[in-house]
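A.B. asks: When you get a sec, could you give me coordinates for this:
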Amino acid sequence: MRWQHSTDNWFNEVIVGTENSENNPTPRTLGNGIVYTYFQPRAGSTDIDERTFLTTGSAGGKNAQRKSQKGWFIQNDLTFTSFQWHGEHTIKMGVNYKDIELTSQDAAALNPQFSYRVSNGSIDSTPYRVDFIAPYTTPGQRATGVSPSKQYGIYLQDDWAATDKLMINIGVRWDYEDTPAYTNFVTSQAFVDALYANDAENPGQPWANRLLPSGINVADYISTGNNRKNFKDAWAPRFGFSYDIFGDEAAIVHGGAARSYDRNLFEQLALETSKAALSPVAVYFENPATGTCYRADRTCVAFDPRYLNGIDQLNTIPGVAGSAELFMFNNKLKTPYSDQYSIGITNQVGDWLTDVTFQRILSYDGFAMGLINRYPDGSYFQNGNVPWGEPVPGYQNTILGSNGLEQRNSQVLLSADKPYTKESGWGLTLSYTHTSARQNRNIDEPYGFDKATIRGYPFVKSDAVAAHRFVASGSIDGPWGVTFGAKLVLATPEPINTIACFGFTDPDGATCQQVGVTPPGSGKFLVGGDIWGYRTVDFQATKEFTVAGDFKLNARVNLLNAFNFKNYSAYAYNGFGSNGQFAPDIAINTSGEINYVPRSVVLEIGAKF
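C.D. replies: Okay, here's the model as predicted:
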């Protein structure tokens, strides 16, 4: 419902509405999933990597999710125009309020995934591993996290035409969210007792003291239901300007700085109340030929064919029952945010509009998930190994959630645009982006178990974006009212973030380190060598038909990836160096995944009326 009112110098709009959105992916079939893998020795290490090349059968329990948001909201926006003071001001202000219910379930106890090893052209007759979601009855936990949420927002902005050449935009926004799922959560007393119980390996000391060498006070993660507060410092200032150098829009300098907060956090916060009710479990099986584990760094059990008969049978595996995975979040969590700065110039050159812009984006306080497990002496590494077998007594693994993920991104953006006009009959857009980005952990992969805490991760090349990207797209009028178009996209390979072993030992005892390295390209385009990681040329032809009056039909034929470029995105890691010298040897895996589609023809038919 919308209400509007205006006078000569102000405009008011009030919106009241409801929302109800849900994302509920579910496996299409029930049954076991089959994962075919091969073992690849990790270069410079005694460990191995399990490489998946084919998955069949039913999708796993992690693919059964439910995320929903429903409730009502009200928003009131007020704009004042023609306010004079050292120029003309347009002042905008507003408030908003949402009262919603959030729901999050990130898995379901169904469809276990059995992994079979492929070696020397044959497939093992029994699986070496099973991954499944196990249900547990844990006090205070339930499989689906549900929480009411009240969201408040207020903003003020001034669009100031200081002169006929200078425009300044300055404003600030503040947001606040009340999320009882986080603030009212109470850590299980049984788990608190286990943390502070006498450590059998260190008589006279509580198990929690193992965390002290890592700088972690476990009390900072124990919630009593009244020692947490909602984050209230989400102030987001913004400033922008544009200056028309000659007053004719032929050359305009522009720039700005702004902060923004990420408020879509309930999916992570819900893990604290739900993960111990539905926990992921990975069980390794013995090699039936030797009676030993397939992997020396994992414990294993003998395989029994009845384990193929569902979750109930898998729950009878020794060590699975009662080993729920717990999440503990820091009691002073902050909302992640990003600061963005930019400066550039736009020029009108004949029919062309060109732009050169530099921008810098700094992201802070992303959620990081670490492992609570520690060896008896408090170390996280012994002989380069992570303490998977040293959890809190009576529990499987416990994940500590805190702030700490960071990204640093610098970009140069160049563009030239000749807009389509009916008179000229054609249009063309060219853009090039150079990106230099570094991060201490992939923002989309908050789980980091290769270091004791997120502070131990080095900043490396980001795997989120290519260093060089060029896009050209254009259209031209053809005969018989047909419009033809084409698009070219070229990008260098996106860097890889992985854990590399090359004979170097960190002060914390880690024998393998996080690295960021650019892999080889998949091929060339016209000239030069194999420098491109992504290449595609698409063509399209569109024709519109008038049926009657305003009723029109349009037909479009798309030729995608016309030259059938293979944009490989899987790699073989042959080594990363030795004796502490980082020298990556990475090759393209031509049997692995590719980005985009093979050459395809797509026909689209639409109607407008």
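
A.B. asks: Alpha carbons of stretch 150-158, as PDB, please.
C.D. replies: Output of stretch 150-158 as PDB, limited to C-alpha atoms (Å, rounded to 0.1, in the frame of the first residue of the first chain):
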ATOM      1  CA  LYS A 150      13.000  -6.300  14.100                       C
ATOM      2  CA  GLN A 151      15.000  -4.100  11.700                       C
ATOM      3  CA  TYR A 152      15.200  -0.300  12.000                       C
ATOM      4  CA  GLY A 153      16.800   2.100   9.600                       C
ATOM      5  CA  ILE A 154      17.100   5.900   9.200                       C
ATOM      6  CA  TYR A 155      18.900   8.000   6.600                       C
ATOM      7  CA  LEU A 156      19.600  11.600   5.700                       C
ATOM      8  CA  GLN A 157      21.000  12.800   2.400                       C
ATOM      9  CA  ASP A 158      21.700  16.200   0.800                       C
END
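
A.B. asks: so what's the residue nearest to Tyr196 when sequence neighbours are not counted up against?
C.D. replies: Closest residue to Tyr196 apart from its sequence neighbours, by Cβ to Cβ, 6 or more residues apart in numbering: Pro206 at 4.4 Å. All C-beta spots, glycine's among them, are computed from the backbone N, C-alpha and C. When contacts are counted by Cβ atoms under 8 Å, 6 or more residues apart in numbering, Pro206 is found next to 195-199.

A.B. asks: now do Asp262
C.D. replies: 335-338.

A.B. asks: how close does Pro163 get to Gly171?
C.D. replies: I think there's a mix-up here, since residue 163 is Thr and not Pro. Going from Thr163 to Gly171 by Cβ to Cβ, to the nearest Å gives 20 Å.

A.B. asks: Thr492 against Ser522, yeah?
C.D. replies: No - counting by Cβ atoms under 8 Å, Thr492 does not reach Ser522; the two are 10.2 Å apart.

A.B. asks: what touches both of the two?
C.D. replies: Common neighbours of Thr492 and Ser522 (Cβ under 8 Å, 6+ apart) are 532-533.

A.B. asks: show me where pLDDT drops low in the stretch 301-450 of the chain?
C.D. replies: Across the stretch 301-450 of the chain, the ranges flagged by pLDDT under 70 are 321-323.

A.B. asks: Next, format the contacts of Asp262 as CSV and append secondary structure, distance to Asp351 and neighbour count.
C.D. replies: Below are those laid out as CSV (DSSP: H, G, I helix; E, B strand; the rest coil; distance: Cβ to Cβ, whole Å; neighbours: other Cβ atoms under 10 Å):
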residue, secondary structure, distance to Asp351, neighbour count
Thr335, coil, 45, 18
Pro336, coil, 43, 21
Tyr337, strand, 41, 18
Ser338, strand, 36, 18
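
A.B. asks: In a markdown table, list those residues along with distance to Ile531.
C.D. replies: Below are the contacts of Asp262 laid out as a markdown table (distance: Cβ to Cβ, whole Å):
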| residue | distance to Ile531 |
| --- | --- |
| Thr335 | 40 |
| Pro336 | 34 |
| Tyr337 | 36 |
| Ser338 | 30 |
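
A.B. asks: if we can go back for a sec, and the two most separated of the contacts of Pro206?
C.D. replies: Leu195 and Asn198 (11.3 Å; Cβ to Cβ).

A.B. asks: At which residues are the strands of the stretch 201-350 of the chain located?
C.D. replies: 202-206, 234-244, 251-261, 278-285, 300-301, 326-329, 337-349 (DSSP state E, counting those that start in this stretch).

A.B. asks: thinking again about what came up before, neighbour count: Thr163 and Gly171, which is higher?
C.D. replies: The residue with more neighbours, out of Thr163 and Gly171, is Gly171; 18 against 14, by other Cβ atoms under 10 Å.
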